[in-house]
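[1] requesting a structural model of the entry that follows:
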Amino acid sequence: MALAVAACLVGGTTAAAQSRGGGHRDTPRAWPQRLVDRSPDLVRPGTLTVDRTIGERRATRLVHLAQQLYTFWNTGRQQYLDAAISPSFRDNTLPDGRPQGPAGPAAASAAFRAAVPDLTCELSDVLVTGDRITARLVFRGHFTGTFEGVRGRGQRVEFNAIDIQHAGGDRITEDWHVEDNQTLLRQLGVGG
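    Alright, predicted model coming up:
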């Protein structure tokens, strides 16, 4: 762990696991955790790595955008999506059948929640560099709804995803994402 932190510091970044304590320590590891919005309704990153060269104000904004976007995926609440992404948002890895723009994530969330109503999104790792936010996510829940005509039997669902978000002025303007769909479909008992 110390070697990883040292490597991050040499590269101009600072990494820290989410602290469970109350106060801020004046250490290099504490710096990125000061950027996290601790509002009780927002998800918090498990691990946060931030490029210090972008400045604290910009870094704080990017971390907050990540928290808003993944709170949307964690809750399905549209207000968080609207706060996080631009009206001109573009999905660069758009799956077949999903609408482009802000309607895409909203449609995906609604369809997913129809199959897995108790869906949660863990924001496991966040990397903030320049104008990019990279996140590793873990989605969990139980398949009690319907997906592609198949009714769930309550089986547990857990799969990973990686997102890269490009932030423009004050919101996310485009993204690239990869989900472990093979694991998801196997757990749902649909597809090949």
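[2] got the buried residues for stretch 110-129?
    Neighbour counts over stretch 110-129 (16 or more other C-beta atoms under 10 Å) mark Phe112, Ala115, Val116, Leu119, Cys121, Glu122, Leu123, Asp125, Val126, Leu127, Val128, Thr129 as buried. Using the backbone N, CA and C atoms, a C-beta is placed for each residue, glycine as well.
[3] same check on stretch 167-174?
    So for stretch 167-174, counting by 16+ other C-beta under 10 Å, buried means Ala167, Arg171, Ile172, Thr173, Glu174.
[4] pLDDT score for the third one?
    In this model, Ile172 is scored at 98, pLDDT.
[5] which element is the residue nearest to Gly191 when sequence neighbours are not counted on?
    In space, and not counting its chain neighbours, Gly191 is closest to Leu185: 3.9 Å by C-beta to C-beta, 6 or more residues apart in numbering. Taking DSSP states H and E as the definition, Leu185 sits inside helix 181-188.
[6] CA atoms of that helix as PDB?
    Output of helix 181-188 as PDB, limited to C-alpha atoms (Å, rounded to 0.1, in the frame of the first residue of the first chain):
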ATOM      1  CA  ASN A 181     -22.700  -8.300 -19.300                       C
ATOM      2  CA  GLN A 182     -21.700 -11.900 -19.600                       C
ATOM      3  CA  THR A 183     -21.800 -12.300 -15.800                       C
ATOM      4  CA  LEU A 184     -25.000 -10.300 -15.500                       C
ATOM      5  CA  LEU A 185     -26.800 -12.400 -18.200                       C
ATOM      6  CA  ARG A 186     -25.600 -15.600 -16.600                       C
ATOM      7  CA  GLN A 187     -26.900 -14.500 -13.200                       C
ATOM      8  CA  LEU A 188     -30.200 -13.500 -14.700                       C
END
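[7] who's in contact with stretch 143-156?
    Residues outside stretch 143-156 that contact it (C-beta atoms under 8 Å, 6 or more residues apart in numbering) are 111, 113-118, 140-142, 157, 187-191.
[8] end to end, how far does that stretch reach?
    With C-alpha to C-alpha, to the nearest Å as the measure, stretch 143-156 spans 6 Å from end to end.
[9] report the distance from that stretch to the chain centre.
    Offset of stretch 143-156 from its chain centre (C-alpha atoms, centre = their mean, to the nearest Å): 24 Å.
[10] what average pLDDT does it get?
    pLDDT averaged over stretch 143-156 gives 95.
[11] list the buried residues for it?
    Going by 16+ other C-beta under 10 Å, stretch 143-156 has these buried residues: Phe143, Gly145, Phe147, Gly152.
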